[in-house]
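Colleague: quick check, what structure comes out for this input:
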Amino acid sequence: PKSRSQPTCFGAFLFGYLCEPLNNYMETTKTQLQAETLHMFSPYRQYCTHAITLTMKQSVWVNTEDGRACTKLNETLATRDLKYALNRLNRYFFGNGYKRKPDQYSLLVIPTLEGRKTDKRLHYHLQIGNLPANTTDDELRNALTQAWSAVDFGDTQIHIQPLYGTHWLTYITKEIGNGDTDCVDWRNVCIPQSLRQN
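Modeller: Just a heads-up that it's a prediction; the model follows:
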């Protein structure tokens, strides 16, 4: 009996001995990853003009050959819906220029999908810019509302505000520090070539 309990005690000791440094390392790594993400996007902060939150329906009913079925929102569907909405928004603001010269005529978009690794409802936070110079906040709100209402999982709550300072990017990447190292929706990040040259 003693020999059986010793490995357990030693195992518990070893587990406790290794866990604290491992947890400290993981916390440091998450913090470093968030800092590196912020650093990577920092050259484009000066071009970002608006902070946006887009809510999403967590499920929708769709018609199928077998009748109606409930489809639950997942990361793939969220990414697809945001891509569709951004395409509509780009066409609204840049017309055919978006198709002909997308590196010059497109919105700057830094999107994060929040709620993937937590019990929160999935929703998007975006930092956007490179809007045409004469764009008003109301025009952006109307165009975004139309684009977001056209997607399957787009919900009605849309929050848009002018961007002041650098806090919004830190806020929208907070989930990197909470264990969701892939919260940035890299498939929908758009930094126009014309801004990358400056």
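Colleague: low-confidence bits of the chain, can you list those?
Modeller: 1-28, 177-180, 197-198 (pLDDT under 70).
Colleague: so the most centrally placed residue in it: helix, strand or coil?
Modeller: Geometric centre of the chain, nearest residue: T112, 1.0 Å, by Cα atoms, centre = their mean. Secondary structure, DSSP: H, G, I helix; E, B strand; the rest coil: T112 is strand.
Colleague: surely it is in contact with L169?
Modeller: No - using Cβ atoms under 8 Å, T112 makes no contact with L169, being 9.2 Å away. In short, each C-beta sits where N, CA and C put it, glycine included.
Colleague: specify the beta-bridge partners of the residue nearest to V184 when sequence neighbours are not counted.
Modeller: Spatial nearest neighbour of V184, chain neighbours left out: T112 (5.4 Å); criterion: Cβ to Cβ, 6 or more residues apart in numbering. Under DSSP bridges, the beta-bridge partners of T112 are H125, V184.
Colleague: that's a helix at R187, yeah?
Modeller: Yes - secondary structure assignment (three-state DSSP) places R187 inside a helix.
Colleague: okay, helices next: where are they in the protein?
Modeller: Counting by DSSP state H, the chain has these helices, from start to end: 2-41, 75-94, 97-100, 137-149, 167-172, 174-177, 193-196.
Colleague: you'd agree T37 is up against C183?
Modeller: No - look at T37 against C183 with Cβ under 8 Å: they stay out of range, at 9.1 Å.
Colleague: of these two, which one has the most company?
Modeller: More neighbours surround C183 than the other of T37 and C183, with 23 against 19 (other Cβ atoms under 10 Å).
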